[in-house]
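> need a 3D model of the following:
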Amino acid sequence: MSHYDKDWKGLNKKIKLSRKESEDSFAQIRRTIHDPKISSKQPAKQWISFAAVALLITILALSNINGVGEKDTANDTLSEQVAEDIMISITNQTNLDFHGISLNVYKGEQKVDNQNMINADNSLIAKGQKVHFDFIEEDFELNGEIAIEAVIVFDNENRVTIEPVIPLTIERGKEYKFKIVGNSIETTRLEPVD
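Reported below is the predicted structural model:
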């Protein structure tokens, strides 16, 4: 036997537990697993957790109570913005089958804007259906004289301009209502709603 083997066996003997020591160690481990000691600190942790949750609920409740009656600045800003825009509504009063309406806006002889409105599902614009065109200051100056021209959109390639081009004096915060009337392409026209 070599010198290293002797050292190894000697070390192994030093580490080896007797059968009794081994059983006692395993019994102690099993007791710890099956019957954990209940710390006296656990009830304190539960009370602290409960108090923290109660405090959060109280803070949330008080913040909601304090908010009652205060102005909602986001909605006020939105209302002010709508009051600064203009809206043009066009109602379909025809029996024609078309998918959308395009609205051209002119200031003087220059075309300053164009908006297209179609149903999201690309369905036909039904008789009696109203479409809305919203214009903001970035589109063009929202005061003074403009002219509007409506175009019926049958599909991407087939569009028909509706006569007449209608002159209009606009002001911010106003809605202007029109209707498309007629039973054929030749007789279709855009009219203001009284």
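> got the domain ranges for the protein?
Following automatic domain parsing, one gets these domains for the chain: 3-67, 86-192.
> most tightly packed of these?
Sort those by mean neighbour count, taking mean count of other CB atoms under 10 Å, and domain 86-192 sits at the top with a mean of 15. For the C-beta atoms, the positions are set from N, CA and C on the backbone; glycine is no exception.
> least confident of the domains of the chain, on average?
In terms of mean pLDDT, the lowest-scoring of these is domain 3-67 (a mean of 68).
> now do the strands in the chain.
Ranges of strands in the chain, per DSSP state E, are 86-92, 100-107, 110-118, 130-135, 144-153, 159-170, 175-181, 189-192.
> the last one - contacts with which helices or strands?
Yep, that's strand 189-192 we're talking about. strand 159-170, strand 175-181 (3 or more CB pairs under 8 Å, 6 or more residues apart in numbering; DSSP states H and E).
> got the angle between the first one and strand 144-153?
Here strand 159-170 runs at an angle of 160 degrees relative to strand 144-153 (axes from the mean of the first three to the mean of the last three CA atoms, to 10 degrees).
> same check, this time on the last one
Here strand 175-181 runs at an angle of 40 degrees relative to strand 144-153 (the same axes, to 10 degrees).
> ok, and what's touching strand 175-181?
With contact meaning CB atoms under 8 Å, 6 or more residues apart in numbering, strand 175-181 is reached by 86-94, 101, 148, 150, 152, 162, 166, 168, 170, 188-193.
> check the first one too.
Residues outside strand 159-170 that contact it (CB under 8 Å, 6+ apart): 86, 102, 106, 142-154, 176, 178, 180, 185, 188-190, 192.
> show me what contacts residue 124?
Taking CB under 8 Å, 6+ apart as the criterion, residue 124 is in contact with 97-99.
> try it again at 6 Å.
When contacts are counted by CB atoms under 6 Å, 6 or more residues apart in numbering, residue 124 touches residue 97.
> how close does it sit to residue 96?
Counting by CB to CB, to the nearest Å, the separation of residue 124 from residue 96 is 9 Å.
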